[in-house]
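1. no sequence for this one, just the structure:
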């Protein structure tokens, strides 16, 4: 039986002990490390590379959300996060931080078991399905899936995307939407993976992949887009990709 590794980051000794004990009674979960502050937590997470992280929201040196944000670009393996706290006021922020789930203190055994069972079922689906790429098609129109930095799968529609932008300092791609904040993709996704799965998108620069449906014209090596991207001025077409554009689309 496969043991899923767990790290718990919590400064409340009683809560930490209760959760560790409950998880130790699960045959397929291994509480491998605990930490009592964010600094220790970061060290344990990076050394242990857990499958599941139970993270307290309020820690002595920073919040759990701040810790998660700090390590996000360094977590290159599949890790799910369960926020563990006595304060349900953090529910909305936990969702925004792409938490797998949310466990209130003192926890109910049934609630914990439900979280663990949902985790098991998700892992089972991932191992029994054919190997998935970082971006995967859904056979329904122009919808597709992407992986986020926390390894969740987000369903997107090409019509709601203007372009992809590469953040060279963080070495990740992000999605620029029509009506919501940008979405960061999991590290390791490449431009070739994006364009090969999404035929309506084409790379114009090392840092940009645009949706052709929003392209109006190319003027002075800059893309002029249809609304709501008509005020975007950063979309430069590099010499390398301009030639590819001409070969592919010009009559």
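-> Perfect, I can see it now. Bear in mind that the values here come from a model prediction, so they are computed numbers and not experimental data.
2. For the residue nearest to residue 201 when sequence neighbours are not counted, give its distance to residue 76.
-> Closest residue in space to residue 201, ignoring its immediate chain neighbours: residue 209 at 5.2 Å, by C-beta to C-beta, 6 or more residues apart in numbering. In this view, the C-beta of every residue, glycine as well, is placed from N, C-alpha and C. Residue 209 is 22 Å from residue 76, where distance means C-beta to C-beta, to the nearest Å.
3. so what's the residue nearest to residue 201 up against?
-> Shown in contact with residue 209 (C-beta atoms under 8 Å, 6 or more residues apart in numbering): 163-164, 173, 191, 194-195, 201-203.
4. residues in contact with the nearest residue to residue 13 once chain neighbours are set aside?
-> Among residues not flanking residue 13 along the chain, residue 36 sits closest, at 7.9 Å (C-beta to C-beta, 6+ apart). Applying C-beta under 8 Å, 6+ apart to residue 36 gives the contacts 9-11, 13, 16, 60.
5. In strands, which of those residues fall?
-> Judged by DSSP state E, the contacts of residue 36 include residue 9 as members of strands.
6. Just among the contacts of residue 36, which is most surrounded?
-> Tallying neighbours with other C-beta atoms under 10 Å puts residue 10 at the head of the contacts of residue 36, with 27 neighbours.
7. so it touches residue 82, yeah?
-> No: Residue 10 is beyond contact range of residue 82, at 11.3 Å (criterion: C-beta atoms under 8 Å).
8. Identify the contacts common to the two.
-> Joint contacts of residue 10 and residue 82 (C-beta under 8 Å, 6+ apart) are 54-55.
9. List the buried residues in stretch 227-247.
-> By 16 or more other C-beta atoms under 10 Å, the buried positions in stretch 227-247 come out as 229, 232, 235-237, 241, 245.
10. Double-check that residue 216 belongs to a strand.
-> Yes: counting by DSSP: H, G, I helix; E, B strand; the rest coil, residue 216 falls inside a strand.
11. rewinding a little: from the buried residues of stretch 227-247, which one has the minimum pLDDT?
-> Lowest pLDDT within the buried residues of stretch 227-247 is found at residue 245 (79).
12. before we move on, the earlier item: can you tell me the helix or strand for the residue nearest to residue 201?
-> In this structure, residue 209 sits in strand 208-211 according to DSSP states H and E.
13. And stretch 179-186, end to end?
-> The first and final residues of stretch 179-186 sit 21 Å from each other (C-alpha to C-alpha, to the nearest Å).
14. repeat for stretch 18-29
-> Distance between the two ends of stretch 18-29: 15 Å, counting by C-alpha to C-alpha.
15. Equivalent analysis for stretch 197-206, please.
-> Stretch 197-206 has an end-to-end distance of 18 Å (C-alpha to C-alpha).
16. buried stuff in it?
-> Counting neighbours by 16+ other C-beta under 10 Å, one finds that the buried residues in stretch 197-206 are 197-198, 201-205.
17. Give me the subset of those residues lying in helices.
-> residue 197 (DSSP state H).
18. Select, from the buried residues of stretch 197-206, the two members most distant in space.
-> By the measure C-beta to C-beta, 197 and 205 form the most distant pair in those, at 19.2 Å.
19. about what we covered before: confidence score at the residue nearest to residue 201?
-> At residue 209, the model reports a pLDDT of 96.
20. try the one 10 residues further on
-> For residue 219, the pLDDT comes out at 87.
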